[in-house]
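[1] okay, here's the prediction I keep looking at, along with the sequence it came from:
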Amino acid sequence: MKSPVLVEESVPRTSAAPSVPERQPASFVLSLVAAQGLVSLALFTPVVVSLSLRVSQIAPHDKTSALSTVLAVGALLALIGNPLFGALSDRTSSRFGRRRPWLVGGMVVGTVGLLVAGAAGNVAVLTLGWAITQLGLNATLAALSATVPDRVPEQQRGRVSGAVGMMTYVAMVVGSFLAQALTSHPVLLFGVPGVFGLVGVALLARALRGERPADRASLPPFRIGAFVRSFWVSPRTHPDFAWNFVGRFLIFAGMATVTSYEFYFVQDRLGKNDSAAAGTLGVATLLMTVGAVIGSLGIGAYSDRIGRRKPFVFLGASIAVVGLALIAAAHSTSAFYLAMALFGLGLGAYLAVDTALTVGVLPNPTDAAKDLGVLNIANALPQSLIPVIAPVFLAIGSAAHTDYTALYAFGAVAALLGATAIRFVRSVA
C-alpha cells in the first residue's frame with residue numbers, strides 16, 4: 001500500500017493550516033470528546049491496571065523491576081513516535097486528509113499490539129506487545145491532539161479542552177472496573193479496550209470527512225536531516241514554549257509516579273488481592289474523576305470567560321501537588337480515596353487550561369501536530385524515566401522495594417517545580 005505521506009492524489013489542495021471556523025457544532029465536539037475517551041480507554045487501562053496485573057501474574061517475585069522494563073520500553077517508543085507521527089501527519093497528502101490516515105491506521109496497529117500483550121506468557125513478549133501498542137496509539141494521539149488547533153476556535157478551546165482532558169479520567173474509571181471483570185481473561189483484558197478505541201476513532205474519522213490534505217506545493221522537500229532538525233525548538237527564540245515544556249515534564253513526572261505504581265501501592269500497602277485492588281482503583285479513579293470534572297469543566301469555562309490561562313494552570317498544578325503529598329502519607333483506603341480526589345481536582349484544572357495555554361505558545365500554527373508532538377515528549381518522557389528511577393525510591397528505608405512514601409514525595413516535589421515553571425510563561429496571560 002502506498003504511503004499517505006508520499007502519494008499525490010487528484011483532489012483539491014489547501015494550505016497546511018486549515019481555516020478555523022468561528023464555532024464548531026456540538027456534534028463535532030462530541031465526536032472529538034468521544035474519540036479522546038475511547039482511545040484513552042485503550043491506552044490507560046493497561047497503564048493503570050492491566051500491565052501491572054499481567055506482570056504480577058507472569059513474574060510475581062520481581063514485579064516492580066519487570067513492570068519498570070515494560071513501561072520504560074513502551075514510553076521510549078511513545079517519546080519517539082508522538083512527534084514523528086505528528087510531523088508526518090502535518091505533511092500527509094492523501095485523499096483522506098492529513099489526520100484521518102494516522103487516526104485510523106495508528107489505532108489498528110495499537111489494537112494488534114494490545115492483543116499481543118494479552119496473549120503474552122512472558123515479560124519479553126509482553127514488552128513487545130506494549131511497544132507495538134505505544135507506537136500505534138501515539139500515531140493516533142498525535143493526529144487527535146492536532147485536531148484542536150486545526151478545528152477548534154480560540155473562544156471554544158477552554159471548554160473543549162476541558163471536556164477532552166476530562167475523558168482521560170473517565171477512561172481510567174471505566175478501565176479499572178472493566179479490568180476487575182476481566183482479570184482472569186488476559187486477551188480480553190487488553191483487547192476489549194482496543195475495540196472501544198477503534199469505535200472512537202471511527203466516529204471522529206466520520207466527523208472529519210472532507211478534511212483536505214496538506215498542500216504539497218507549499219511544503220519544503222522532505223529530507224531526513226532537515227526533518228530531524230525541525231524537532232528542535234530554540235528556547236532562546238521561543239522561551240514560552242520551552243517553559244511550558246519544562247512545566248509539563250515536571251508535572252507529568254509527578255503524575256507518572258501515581259499511574260505507574262498505584263496498583264502495587266494498593267496491593268502492598270493497603271493489602272488487596274488482584275480483583276480487590278482493581279476494584280479499589282476503580283473507586284479511587286472514580287473519585288479522582290469527579291474531582292477532575294469539577295476542576296476541568298469549571299476552571300476551563302471560567303478561563304474562557306475572563307481570557308486568562310496561566311493563573312489557573314498554576315492553581316491546578318498546586319492542588320495536584322497537595323494530592324500527591326497526601327497519597328504519600330496514606331495508609332488506609334479512605335485516606336487514599338481522599339488524596340486521589342484532591343489529586344484529580346488539581347489535574348483536571350491543570351490539564352483543561354494547559355491545553356489552551358499550549359496552543360497559545362506554539363511557534364508555528366502550520367506545524368501544529370509536529371510542535372504538539374514535541375510538547376508531548378514532556379508527557380511521554382517521564383513515563384519512560386520514572387520506571388527507571390522508581391526502584392531507587394522504592395528501596396529506600398527498611399521495606400525494600402515498597403517505600404511508596406519516598407516515591408510519591410518525589411512526585412510531589414517534581415510537580416511543585418513544574419507549577420513554578422509555568423509562571424515564567426510571558427506571552428499568555
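    That came in fine, so what should we check first? Residues are numbered from 1 along each chain as shown.
[2] just the element for residue 352, please.
    Using DSSP states H and E, residue 352 falls within helix 333-360.
[3] what count of nearby residues applies to residue 185?
    Residue 185 has 12 neighbouring residues, counting by other CB atoms under 10 Å. For the C-beta atoms, the positions are set from N, CA and C on the backbone; glycine is no exception.
[4] and it, what are its phi and psi?
    phi -130, psi 80 (degrees, to the nearest 10).
[5] what sits against the residue nearest the centre of the chain?
    Nearest residue to the geometric centre of the chain (CA atoms, centre = their mean): residue 379, 6.7 Å. Counting by CB atoms under 8 Å, 6 or more residues apart in numbering, residue 379 makes contact with 82, 248, 252.
[6] let me know the pLDDT of the nearest residue to the last one once chain neighbours are set aside.
    Distances taken as CB to CB, 6 or more residues apart in numbering put residue 382 closest to residue 252, at 4.6 Å, once the chain neighbours are dropped. Turning to residue 382, the model gives it a pLDDT of 85.
[7] hmm, back to that, top of the contacts of residue 379 by neighbour count?
    Scoring the contacts of residue 379 on neighbours with other CB under 10 Å, the highest-scoring entry is residue 82 at 28 neighbours.
[8] from residue 140, how far out is that residue?
    Applying CB to CB, to the nearest Å, the value for residue 82 to residue 140 is 10 Å.
[9] now the helices for the stretch 301-429 of the chain?
    With helices called from DSSP state H, counting those that start in this stretch, the stretch 301-429 of the chain shows them at 310-329, 333-360, 368-394, 404-422.
[10] among those helices, which is the most enclosed?
    With neighbours defined as mean count of other CB atoms under 10 Å, these peak in mean count at helix 333-360, which reaches a mean of 25.
[11] that one packs against which elements?
    helix 123-151, helix 154-181, helix 239-268, helix 274-293, helix 299-306, helix 310-329, helix 368-394 (3 or more CB pairs under 8 Å, 6 or more residues apart in numbering; DSSP states H and E).
[12] in the first one, what's buried?
    When you say that, I think you mean helix 123-151. For helix 123-151, the neighbour count (16 or more other CB atoms under 10 Å) marks 123, 126-151 as buried.
[13] re earlier: and the contacts of residue 379, which is closest to residue 53?
    Closest to residue 53 out of those is residue 252 (23.2 Å), distances taken as CB to CB.
[14] surely that closest one meets residue 386?
    No. With contact defined as CB atoms under 8 Å, residue 252 does not count as touching residue 386 (9.1 Å).
[15] now the contacts of residue 379 as CSV including distance to residue 423 and pLDDT?
    Output for those, formatted as CSV (distance: CB to CB, whole Å; pLDDT from 0 to 100):
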residue, distance to residue 423, pLDDT
82, 26, 76
248, 14, 87
252, 18, 89
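[16] distance to residue 156 added to those, as JSON lines?
    Shown next, in JSON lines, are the contacts of residue 379 (distance: CB to CB, whole Å):
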{"residue": "82", "distance to residue 156": "24"}
{"residue": "248", "distance to residue 156": "22"}
{"residue": "252", "distance to residue 156": "25"}
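[17] residue contacts, the nearest residue to residue 161 once chain neighbours are set aside?
    Among residues not flanking residue 161 along the chain, residue 355 sits closest, at 3.7 Å (CB to CB, 6+ apart). By CB under 8 Å, 6+ apart, the contact list for residue 355 reads 148, 157, 161, 164, 165.
[18] how close does residue 355 sit to residue 36?
    Distance, residue 355 to residue 36, by CB to CB: 11 Å.
[19] what's the overlap in contacts for those two?
    Common contacts of residue 355 and residue 36 (CB under 8 Å, 6+ apart): residue 164.
[20] so residue 357 touches residue 243, yeah?
    No. Using CB under 8 Å, residue 357 is not in contact with residue 243; the gap is 10.5 Å.
[21] identify the contacts common to those two.
    Jointly contacting residue 357 and residue 243 under the rule CB under 8 Å, 6+ apart are 422, 425.
[22] how about residue 262: what's its closest non-neighbour residue?
    Per CB to CB, 6+ apart, closest to residue 262 is residue 281, 6.3 Å.
[23] that neighbour and residue 258, how far apart?
    Distance of residue 281 to residue 258, computed by CB to CB: 11 Å.
[24] more neighbours: those two, which one.
    Remark: of residue 281 and residue 258, residue 281 carries more neighbours, 29 against 25, as counted by other CB under 10 Å.
[25] which ones are touching that one?
    For residue 281, the contact set (CB under 8 Å, 6+ apart) comprises 48, 49, 176, 262, 263, 266.
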